[in-house]
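Enquirer: sequence plus predicted model, see below.
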Amino acid sequence: MKTLRLLLVVVFVAFGVVSCEYTFWVPEEVLVIPDANDPDAEQISFAQTIQPIFTSNCVSCHGGAQLPDLSEGKAFASINSSRYINTSSPEESRIFSYTNPDTDSHSQKKYTAAQAAYVLGWITQGAKNN
Ligand code: HEC
């Protein structure tokens, strides 16, 4: 009986602790993603939008030895091949699909939803060195 009472006390205390926790709501970054299929849409620039995604999220590992080399000045040449880019079926491009947050591959790092949308948009617009 004593054990049961002790157990109840523990359970109540545990509930108390859990219910006092606050959940902080952190808003997602607000980004305007151009519609990749709209020919009048703003062009997504490799240098200004895609390279900075690689620089801040990928070059810590993909800065040379680990392929593809995504460092500034090298990244475009590294991914400009059918292994990484498929402009006919942009979703199948490995530089998009492998690190897409919706897939199980590449647990080391994923794009955020917004970064994935930019990369996909850039490929859909022709994957240019712009
Ligand atoms: C913590 C280290 C690390 C980070 C950060 C990282 N990667 Fe990787 N990546 C790897 C390793 C290790 C491999 C090889 C093993 C594998 O395929 O998962 C790899 C493989 C890949 C491949 C497949 C290469 C091929 O030729 O098959 C792609 C594409 C890729 N990474 C893209 C990215 C992108 C884009 C980012 C940034 C958003 C990124 N990686 C960030 C470690 C990392």
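Expert: Arrived safely, thanks for sending.

Enquirer: got the contact list for the residue most central in space within the chain?
Expert: The chain has residue 111 as the residue nearest its centroid, 0.9 Å off, counting by C-alpha atoms, centre = their mean. By C-beta atoms under 8 Å, 6 or more residues apart in numbering, the contact set of residue 111 is 53, 57, 99, 100, 101, 119. In short, each C-beta sits where N, CA and C put it, glycine included.

Enquirer: can you say which of the residues you listed are buried?
Expert: 53, 57, 99, 100, 119 (16 or more other C-beta atoms under 10 Å).

Enquirer: these two touch, right, the fourth one and residue 109?
Expert: No. The pair residue 100 and residue 109 fails to qualify as a contact (C-beta atoms under 8 Å) at a distance of 11.4 Å.

Enquirer: quick one: the residue nearest to the centre of the chain from the ligand, how far?
Expert: 5 Å (C-beta to the nearest ligand atom, to the nearest Å).

Enquirer: could you say which helix or strand holds that residue?
Expert: Element membership for residue 111, per DSSP states H and E: none, as it lies in no helix or strand.

Enquirer: next one: residue 116
Expert: Applying DSSP H and E as the criterion places residue 116 in helix 113-124.

Enquirer: in that helix, what's buried?
Expert: 115, 116, 117, 118, 119, 120, 121, 122, 123, 124.

Enquirer: contacts only, for residue 128.
Expert: Contacts of residue 128 (C-beta under 8 Å, 6+ apart): 43, 46, 122.

Enquirer: cool, and residue 93?
Expert: Applying C-beta under 8 Å, 6+ apart, we find residue 93 in contact with 84, 85, 86, 87, 120, 123, 127.

Enquirer: now which of the residues you listed would you call buried?
Expert: Looks like the contacts of residue 93 have 84, 85, 86, 120, 123, 127 buried, using 16+ other C-beta under 10 Å.
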